[in-house]
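>>> Provide a 3D model corresponding to the input given below.
(chains A and B)
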Amino acid sequence: MESDRSSHSNDLKKAFESLFAEYSDVIYRFCLYKTSDKNIAHDLTQDTFLRLWKAMNTGAEVEKPKQYIYQIARNLVIDYYKKSKAVSLDALEEDGFEARETSTGSEMLSELLLLRDAIEKLEQDYQEVLYMRFIEDMTVENIADTLGVSANLVSVRINRGKKKLRELFA
Amino acid sequence: MKINEQEFNKSIKHLKGVQLTESEKASMLSSIYQTEIIAATLPVVSPFIFSSFFTRERVMVVMASFVLIVFGGGYAAAAGSLPGDPLYGIKVNVLEPLTLQLTFGEVAKNEYKVELLQRRIAELEELRLNTDVNLASEEESYHAAERNVAELEASAIFNEDGINVDVETSIDTYNSLISEPYRLETKIMKGRVIPTSEEDETDEGNSEKKDEETILQKNTGQIEGTVTEVIKTLDEIDREIEEAQSATEETVENIKEVTTPLTESLGF
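Numbers count the residues shown, from 1 in each chain, chains lettered A, B, ... in the order given. Here you go, the predicted structure:
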């Protein structure tokens, strides 16, 4: 009995670490893209996997891990923005807090802001699809599976999104 | 500020190259494993100051008092009843849920739920001792135990390995005492070997086939019944037509009897 439990615990850990190895970079990139802050992206990625680990420990059956992990990350990003609105950066700075982002990699982050700015000018439907296609190099089927929509719809959104994006370029 | 296609592609290339370092990943994993997993959540307390008067607990206290006063003797009898006894339903459907409601605090409630499952085991053991086990009593016990397990599933607390030892052991013991069709199945039993998907599919296929056969048999039975009833009705209609024909013939005869002397006297 004891050995059964221990082997189950090991299996769980193994499954979790395999998901972590496969998706931690993907989720980190997603959070970095959404927040343009390495520290926050790091924290959000850790929180995402902490939630996954908790869910796996409480017996939740994760049928589509990628979809599930993305959904957690999305929710955490939304929570992060809600909280950031509640406490504005100006107010924090006035209280003596400093922004956590350092000048390291600031060029890349400013590029990232421009990239996000361009994509986010598009309608919501196109944003995630284009992100997954361009940055994560995901296939149409994979995107469809992750977003829970049909492959046909994803295909249409990619094509229209690309067209709209080109119209936005300087 | 607008971005051109070249800058856009460059940014994408940069972002694609972003990844966590191995040490960042290792420290992340270590932090995750160090976080305590707490499954049970705290109950939400109403901010309304007088809400406690109207909570379910208060209502249940009043009900319990009423039940105890009115059915004082019956309470003791029901509490000691076994599956198959007439009072067993009162025990598992009234008294135990009532006691659960009267148990305050998440931990105490969970302990009581585990105790209920252990009680189901004790009942089965007693039935076996009295050689009083039959399908009806097993079924009654199963329904009660199934509900206990469902309640546990909703609020079970797991240890750091994700296992609730009390529940798992109790379910194993319960299943060893009861016939196969009434064995408990639950997702709480995480250490158990889960059948492969192929087996599942075969089982599912078999059960679907069985279900289809049962429905077919049921439908055939219903059709046969309807056909018999229709035949019966047709026979009755035939009989009624025959009766009506003979009645008409009789009336015609009677009319003839009356009209014949009349026509004869008139010289027709």
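>>> where does the residue nearest the centre of chain A sit, in terms of helix or strand?
Closest residue to the average C-alpha location of chain A: A:Phe30 at 3.5 Å, with CA atoms, centre = their mean. Taking DSSP states H and E as the definition, A:Phe30 sits inside helix A:2-35.
>>> and the next helix or strand after that helix, what does it pack against?
Remark: after helix A:2-35, the chain's next helix or strand is helix A:38-57, criterion DSSP H and E. Here helix A:38-57 touches helix A:2-35, helix A:65-86, helix B:22-34, going by 3 or more CB pairs under 8 Å, 6 or more residues apart in numbering or on different chains; DSSP states H and E. Where C-beta positions appear, they are placed from N, C-alpha and C, glycine not excepted.
>>> ok and helix A:38-57 relative to helix A:65-86, angle-wise?
130 degrees (axes from the mean of the first three to the mean of the last three CA atoms, to 10 degrees).
>>> could you pull out the buried residues of helix A:38-57?
By neighbour count on 16 or more other CB atoms under 10 Å in any protein chain shown, the buried set for helix A:38-57 is A:38, A:40-57.
>>> send me stretch A:152-162 as PDB with only the CA atoms.
Included here for stretch A:152-162 are C-alpha records, laid out as PDB according to Å, rounded to 0.1, in the frame of the first residue of the first chain:
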ATOM      1  CA  ASN A 152     -11.400  25.900 -40.300                       C
ATOM      2  CA  LEU A 153     -12.200  29.000 -38.200                       C
ATOM      3  CA  VAL A 154      -8.500  29.200 -37.100                       C
ATOM      4  CA  SER A 155      -7.400  29.100 -40.700                       C
ATOM      5  CA  VAL A 156      -9.800  31.900 -41.700                       C
ATOM      6  CA  ARG A 157      -8.700  34.000 -38.700                       C
ATOM      7  CA  ILE A 158      -5.000  33.500 -39.600                       C
ATOM      8  CA  ASN A 159      -5.500  34.600 -43.100                       C
ATOM      9  CA  ARG A 160      -7.700  37.600 -42.300                       C
ATOM     10  CA  GLY A 161      -5.400  38.600 -39.400                       C
ATOM     11  CA  LYS A 162      -2.300  38.600 -41.600                       C
END
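>>> avg pLDDT for that stretch?
Averaged across stretch A:152-162, the pLDDT comes to 89.
>>> check which element follows the lowest-mean-pLDDT helix or strand in chain A along the chain.
Least confident helix or strand of chain A, by mean pLDDT, DSSP states H and E, is helix A:89-94 with a mean of 52. As assigned by DSSP H and E, the chain's next helix or strand after helix A:89-94 is helix A:106-119.
>>> SS state for A:Met138?
coil (DSSP: H, G, I helix; E, B strand; the rest coil).
>>> roughly how far apart are it and B:Lys13?
For A:Met138, the distance to B:Lys13 (CB to CB, to the nearest Å) stands at 16 Å.
>>> what does B:Lys25 give?
With CB to CB as the criterion, B:Lys25 and B:Lys13 are 23 Å apart.
>>> looking at those two, which is more packed in?
More crowded of B:Lys25 and B:Lys13, by other CB atoms under 10 Å in any protein chain shown: B:Lys25, with 19 against 12.
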